[in-house]
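Asker: coordinates only, no sequence provided:
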């Protein structure tokens with residue numbers, strides 16, 4: 001994929017600094033930056049899922065393999081048992 005981006009002076013200076021500090025090309029700087037940002041976002045998603053699970057918002061359950069086909073019967077039996 002070819003990439004064309006407009007950068008303000010501040011970002012341009014940062015790219016130039018990274019090029020000089022690492023002896024990399026602009027393409028290498030962009031690729032490395034995308035990798036770092038990608039990992040950051042993925043870690044944030046994993047951490048968010050972990051927090052939701054720990055808070056009890058997301059959970060796991062168990063049941064009969066055909067429960068999705070029979071759930072109405074099961075609910076009716078539960079309601080009947082409460083009467």
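Answerer: Looks like it came in fine. Because the structure is a prediction, the values reported are computed rather than measured.
Asker: let me see the contact set for residue 26.
Answerer: Remark: with contacts taken as Cβ atoms under 8 Å, 6 or more residues apart in numbering, residue 26 is in contact with 15, 19. C-beta here means a position set from N, CA and C on the backbone, and glycine is covered the same way.
Asker: can you read off the pLDDT for residue 82?
Answerer: With respect to pLDDT, residue 82 has a value of 84.
Asker: for it, the count of nearby residues, please.
Answerer: Residues near residue 82, counting by other Cβ atoms under 10 Å, number 6.
Asker: could you measure from it over to residue 69?
Answerer: Shown here: residue 82 relative to residue 69, a distance of 23 Å by Cβ to Cβ, to the nearest Å.
Asker: lowest confidence element among the helices and strands of the protein?
Answerer: Here the helix or strand of the chain ranked lowest by mean pLDDT, DSSP states H and E is helix 67-82, holding a mean of 89.
Asker: in which helix or strand would I find the residue nearest to the spatial centre of the chain?
Answerer: By Cα atoms, centre = their mean, the mean C-alpha position of the chain lies nearest to residue 45, the distance being 3.4 Å. Taking DSSP states H and E as the definition, residue 45 sits inside helix 26-54.
Asker: in that helix, which residues are buried?
Answerer: Judged by neighbour count (16 or more other Cβ atoms under 10 Å), helix 26-54 contains these buried residues: residue 29.
Asker: remind me which residues of the chain are low pLDDT?
Answerer: 59-60 (pLDDT under 70).
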